[in-house]
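Peer 1: pasting the sequence and the predicted model now:
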Amino acid sequence: MPLPTRACPAMLSWLDRLPWIWLLLLAVWMAIAPITPEPHLVEKLRLLAQGALVRPLDIFDLAMHASPLLLVALKLWRQWRAPRP
């Protein structure tokens, strides 16, 4: 059975219904939290660049803090690719 080349449109319809303001607020908040001494996202990306991101908790923390930014990117991509009326 061949795999579908495109995801089912209904699969990501929840993302289309999610208001931009809430998604952007969540993305900004998770990107900068905690503000001091250094945002977790910056710290985890630095560890990743150094090759020191090895603890499962750090990997989970990176995924948790980066996921809203990935959702913003996915929503932007879906809106850009959507057919215009």
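Peer 2: Everything's here; your move. Residues are numbered from 1 along each chain as shown.

Peer 1: what is the neighbour count of the closest residue to residue 72 other than its chain neighbours?
Peer 2: In space, and not counting its chain neighbours, residue 72 is closest to residue 27: 4.9 Å by C-beta to C-beta, 6 or more residues apart in numbering. C-beta: built from backbone N, CA, C; applies to glycine. When neighbours are defined as other C-beta atoms under 10 Å, residue 27 has 20 of them.

Peer 1: which helix or strand contains residue 27?
Peer 2: helix 20-32 (DSSP states H and E).

Peer 1: packing partners for the longest helix anywhere in the chain?
Peer 2: Identified as the longest helix of the chain according to DSSP state H is helix 56-81. When contacts are defined as 3 or more C-beta pairs under 8 Å, 6 or more residues apart in numbering; DSSP states H and E, helix 56-81 sits against helix 13-17, helix 20-32, helix 40-50.

Peer 1: can you put these in JSON lines and add mean pLDDT?
Peer 2: Below are the helices and strands packed on helix 56-81 laid out as JSON lines (pLDDT from 0 to 100):
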{"stretch": "helix 13-17", "mean pLDDT": "87"}
{"stretch": "helix 20-32", "mean pLDDT": "93"}
{"stretch": "helix 40-50", "mean pLDDT": "91"}
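
Peer 1: and residue 60, which of these is closest to it?
Peer 2: helix 40-50 (9.8 Å; C-beta to C-beta).

Peer 1: buried stuff in the closest one?
Peer 2: Across helix 40-50, burial judged by 16 or more other C-beta atoms under 10 Å covers 40-41, 43-44, 47.

Peer 1: once you drop chain neighbours, what's closest to residue 62?
Peer 2: residue 44 (3.9 Å).

Peer 1: quick revisit: out of the buried residues of helix 40-50, who's nearest residue 20?
Peer 2: residue 41 (20.4 Å).
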